[in-house]
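need coordinates for the following:
(2 chains)
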There are 2 protein chains.
Amino acid sequence: MIAVDWGTSSLRAYRLDAQGQVVDARRSDQGILASAGHFAEVLRGQIDGWPGDLLLCGMIGSRNGWIELPYLPCPADTPALAAAMQRHEDASLPGRHLWFVPGVATRERSGVPDVMRGEETQIVGLLPTLGPGRHTVCLPGTHCKWARVEGGRLVDFATTMTGELYALLRRHSILGKLMDGDGDDLHEDAFERGVTRSGEPGGLGHHLFGTRTLGLFERLPSNALASYLSGILIGHEIRDRQPIGDVVHLVGGSGLAQRYARALGLLGVGSMRHGEDLAATGLHLLARQRGL
Amino acid sequence: MIAVDWGTSSLRAYRLDAQGQVVDARRSDQGILASAGHFAEVLRGQIDGWPGDLLLCGMIGSRNGWIELPYLPCPADTPALAAAMQRHEDASLPGRHLWFVPGVATRERSGVPDVMRGEETQIVGLLPTLGPGRHTVCLPGTHCKWARVEGGRLVDFATTMTGELYALLRRHSILGKLMDGDGDDLHEDAFERGVTRSGEPGGLGHHLFGTRTLGLFERLPSNALASYLSGILIGHEIRDRQPIGDVVHLVGGSGLAQRYARALGLLGVGSMRHGEDLAATGLHLLARQRGL
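Modelled structure (predicted):
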């Protein structure tokens, strides 16, 4: 079988053996935005030489994707997600079945829904590791997801726009004008100062402006300002989520997950890191549950 | 005399009579960014036909302005600001004196300084109206200033990036993609829902994402989403400033000040509005104090 995690801006394809182990992996930046209108063609290119049926999760199952699946409501578990998978065939992929995994929506608080597509499958892949009990899972990214898992079920989650705010402020705001460097190199001391600052009075909108004045007054070098900004944003996000006392399960092998681990540590919260290929594990578990 | 409030993106010139009353006013979008390198020429065009010396406040006295004045530290009052004004002459404006007003910096909390240039002069113009006692002054804008005035002195202030965040999210973020309309038309109900939402658990980064899901689930029409976003941002800003129990003095005649008044009202805080020409009043008071 082939597992495909197809998001807005990237596509990851995994060739799995019968036990669900990844035997080959390919990655592309042909996310659904870049692939719109020719999904089958893009997919064919990605899985060239790989036989078998396809399991797909992520934004490929959204309104702007290949087919649109309705959201499954929380609480959601592996059997419910497996039962809601939809089969699809495409003439240009003869002899193959395509199985799409739905996204998940929260039960609504305050009349404001929340949604995910793709992260639910990573969480399915993480469930055997978590085991029973209550767990907090954090999946950093452009739109970071904070999920609560209880007794093997995804019971609630919240999306935060931290990653997108960082990119906007870095690229388009007055704060970005003072910054040197590509911002991917973490200036550890500046990052920690930002996390600490996020706990002081004043609020996010005020703390952000401090990035500018620290630059203007040369209290931080220009190549450290992006890390300070990152610390402020991630610090506020973590404090708002109030995971104090928990161990947070961080998904993703990126430098971003490392930053979250560091910020959590500064705030006295433990964390455990989990690999980026959980979507492949989750898709395999869903297929097995479905009897494929 | 001529009063000039010269900011980053706009220039306002006022012709004053001996009592400091505005007898003529001109406005231009030739802020210091658009005028860099030819300030004298731009100014000559703006004051054509107006005799007298010039009083200038705002970013024109900054590193990227005509001449750079150091910041005056808080607490700052009219005599201190008047004493710190700097005289300048320019060959292309023969027979005229130019008097620049310095900006103000806070005494530092947490090692993070804060700064203003221009708003201190508006506050000087407001002081006679405020009288003695303690007052909270809010000057909405791209970078909103919240100032504390005590006994006729500006004792402290904080800058918030609310206006810039709104513009960034509207123009460049995933939230903007769902929005219709120019966003200047206030959808009152959506704005109030945003202000209310800002008081619920979750934090700003999470509440922002709700703008997207409310659009996706068609709970808010696309032409109401910008107002909802505005309500979330201004609601968070006001709650962070904690002006509960005060009357907030709002400076500015714009629709933006109206939004702040509405949000403050929703949160049970009174407000008073003050006109946009306070910079002219402030510059006149500073000139009189200086004996010009």
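
report the distance from the strand or helix carrying A:A226 to the chain centre.
Per DSSP states H and E: A:A226 is located in helix A:225-241. How far helix A:225-241 lies from its chain's middle: 17 Å, per C-alpha atoms, centre = their mean, to the nearest Å.

now check it, is it near chain B?
Yes: applying C-beta under 8 Å from any C-beta of the partner chain, one finds helix A:225-241 in contact with chain B at A:L233, A:H236, A:E237, A:R239, A:D240, A:R241. C-betas here are computed from N, CA, C, even on glycine.

from the contact counts, what lies against that helix?
strand A:153-160, helix A:162-172, helix A:188-197, helix A:204-216, helix A:255-266, helix B:204-216 (3 or more C-beta pairs under 8 Å, 6 or more residues apart in numbering or on different chains; DSSP states H and E).

pLDDT of that helix, averaged?
Helix A:225-241 shows a mean pLDDT of 97 in the predicted model.

now swap in stretch A:12-32 and tell me
Mean predicted confidence for stretch A:12-32 is 96.

residues contacting it, please?
A:1-11, A:39, A:42-43, A:46-47, A:50, A:52, A:58-60, A:62, A:64-66, A:277, A:279-281, A:283-285, A:288 (C-beta atoms under 8 Å, 6 or more residues apart in numbering or on different chains).

quick one: contacts for the residue nearest to A:L266 when sequence neighbours are not counted?
Closest residue to A:L266 apart from its sequence neighbours, by C-beta to C-beta, 6 or more residues apart in numbering or on different chains: A:V195 at 5.1 Å. By C-beta under 8 Å, 6+ apart, the contact set of A:V195 is A:G231, A:I232, A:I234, A:G235, A:R262, A:A263, A:L266, A:L267.

the third one touches A:G163, doesn't it?
No: with contact defined as C-beta atoms under 8 Å, A:I234 does not reach A:G163; the gap is 9.4 Å.

between the two, which one's more packed in?
A:I234 (28 against 19; other C-beta atoms under 10 Å in any protein chain shown).

where's the closest residue to that one other than its chain neighbours relative to chain B, distance?
Spatially, and ignoring its direct neighbours in sequence, A:I234 is nearest to A:A263 (4.8 Å; C-beta to C-beta, 6+ apart). Distance, A:A263 to chain B, using C-beta to the nearest C-beta, to the nearest Å: 14 Å.

picking that back up, just the buried ones from the residues of helix A:225-241 next to chain B, in PyMOL syntax?
Here is the PyMOL command that selects the buried residues among the residues of helix A:225-241 next to chain B (16 or more other C-beta atoms under 10 Å in any protein chain shown):
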select buried, chain A and resi 233+236+237+239+240+241
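
what is the nearest of the residues of helix A:225-241 next to chain B to A:G181?
Of all those, A:G181 sits closest to A:L233, with 17.2 Å by C-beta to C-beta.

contacting residues for the residue nearest to the closest one when sequence neighbours are not counted?
Leaving aside its chain neighbours, A:L233 sits nearest to A:T162 (5.0 Å; criterion: C-beta to C-beta, 6+ apart). By C-beta under 8 Å, 6+ apart, the contact set of A:T162 is A:P140, A:C144, A:L233, A:I234, A:E237, B:G205.

same thing with A:V42?
A:L11, A:S28, A:Q30, A:S35.

just the element for it, please.
helix A:39-46.

please save the CA atoms from that helix in CSV.
Below are the C-alpha coordinates for helix A:39-46, written out as CSV (Å, rounded to 0.1, in the frame of the first residue of the first chain):
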residue,chain,number,x,y,z
PHE,A,39,-4.2,15.9,-8.9
ALA,A,40,-4.1,12.5,-10.6
GLU,A,41,-1.2,13.5,-12.8
VAL,A,42,0.8,14.8,-9.9
LEU,A,43,0.1,11.7,-7.9
ARG,A,44,1.0,9.3,-10.7
GLY,A,45,4.4,11.0,-10.9
GLN,A,46,5.0,10.7,-7.2
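
so how far is A:G231 from the residue nearest to A:L266?
Going from A:V195 to A:G231 by C-beta to C-beta, to the nearest Å gives 4 Å.

interface residues of the stretch 51-200 of chain A facing chain B?
A:63, A:109-115, A:143, A:158-162, A:164-165, A:168-169, A:171-174, A:197, A:200.

do you know the pLDDT at the residue lying farthest from the centre of chain A?
Distance to the chain centre peaks in chain A at A:F217, reaching 36.3 Å (criterion: C-alpha atoms, centre = their mean). As predicted, A:F217 sits at a pLDDT of 92.

my guess is it contacts B:G111. True?
No: between A:F217 and B:G111 there is no contact under C-beta under 8 Å: 9.7 Å.

joint contacts of A:V195 and A:G231?
A:A263.

quick revisit: who wins for proximity to B:T78 among the helices and strands packed on helix A:225-241?
helix A:204-216 (24.6 Å).
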